[in-house]
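In: Sequence and predicted structure below; questions after.
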Amino acid sequence: MGDTKMSAQEVFYNGTLEGFFALLQDVLDSGRLPKRVRRCKPEGRDETSGPSLFSEEELGITGPLTGPDLEQKSKAAISALKACSPEVYQDCIQAWMSDEPIEQDILNFAFKLLQAPNRIIKEQLRTDRSWQSCETVLRASQRYLRELDRLLGLLRFKPTQEGYLVARCEPDTFALPGLTEPLQRRFGRSAWAVQDEKRHLVLSCNGRDEPVLAAYDPEIPPFSPPEGLVPDEFEALWQEYHEVINIDSRKNPELQKRLMPLRYWKYLPEVQFRRS
């Protein structure tokens, strides 16, 4: 890190990946790492709280960027990471997508690698798990990829009135964007959607245009059951198939829980059938 000074400043960003990359560019421009990173707004401050005795500038709190400045800074940080190495860029994105509160570690990781003098040292730092920030980033990145892989095998789709095939889930990570490419390949021109009921987000594709990620009101489901058809008929067919191929003598509940954690079982009709 050389003579880089640690800032006592607390910073916060708008909670998006674009906002985080804009924050990274601010850190690169200033040459200083913040002491703490927060999402959206400082903790304990909301619309009902009374006025502060000090301004945000006096407290050393920097507000999130908006508009063209945010986009410009975000693109600059992305370019810098890609120039450093594609692996560093992916590590940072996947660690952020883990949805863990590790923004500070990702900033430390990216900042130190971008300051390294050559590619050999960069690669040594990128895989040095004795360095805490590196260990945190790589662990979070692997956790995200592991859940993405599980979801691709465990999502169960149902038809809807709108003509979509829809799967529901509650992933621990911000996994929906990572599902885009593999699900496009799987479904081709069929309309599909994945609904994250933990974050109230839905990733949908009409089979023609690019997939869209949007928020939805939990009180108003984004998709409806099809008219004149009971979706459970499809589940019953899948349950029957699962029962026929099941071999009771090879049943291993502990191994099953390791490969398919309990948090996924709620959305697996074959598991619900076996438990009933």
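Out: Received it, and whenever you're ready, just let me know what you need. Residues are numbered from 1 along each chain as shown.
In: which regions of the stretch 101-250 of the chain lie under the pLDDT threshold?
Out: Low-confidence segments of the stretch 101-250 of the chain, defined by pLDDT under 70: 226-231.
In: Run through the helices of it in chain order.
Out: Using DSSP state H, counting those that start in this stretch, the helices of the stretch 101-250 of the chain run over 103-115, 119-126, 132-154, 176-187, 232-245.
In: Please identify which of these is closest to residue 162.
Out: Closest to residue 162 of these, according to C-beta to C-beta: helix 176-187, at 14.8 Å. In short, each C-beta sits where N, CA and C put it, glycine included.
In: Pull out the buried residues from that closest one.
Out: Buried residues in helix 176-187, counted by 16 or more other C-beta atoms under 10 Å: 176, 178, 179, 180, 183.
In: returning to that earlier point: go through the helices of the stretch 101-250 of the chain and name the closest to residue 93.
Out: Shortest distance between residue 93 and the helices of the stretch 101-250 of the chain, using C-beta to C-beta, is found for helix 132-154: 8.3 Å.
In: hmm, back to that, any chance of the helices of the stretch 101-250 of the chain in CSV, plus distance to residue 85?
Out: Shown next, in CSV, are the helices of the stretch 101-250 of the chain (distance: least, C-beta to C-beta, whole Å):
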stretch, distance to residue 85
helix 103-115, 8
helix 119-126, 6
helix 132-154, 14
helix 176-187, 20
helix 232-245, 43
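In: Mean neighbour count, those: which tops it?
Out: Stretch with highest mean neighbour count among these: helix 103-115 (a mean of 21; mean count of other C-beta atoms under 10 Å).
In: quick one: contacts of that one?
Out: Outside helix 103-115, the residues within contact range by C-beta atoms under 8 Å, 6 or more residues apart in numbering are 1-2, 4, 13, 20, 23-24, 27-28, 33-34, 36-37, 39, 77, 80-81, 84, 88, 91-92, 95-96, 122, 125-126, 132-134, 136-137.
In: Just the buried ones from those?
Out: Judged by 16+ other C-beta under 10 Å, buried ones among these: 13, 20, 23-24, 27-28, 33-34, 37, 77, 80-81, 84, 88, 91-92, 95-96, 122, 125-126, 133-134, 136-137.
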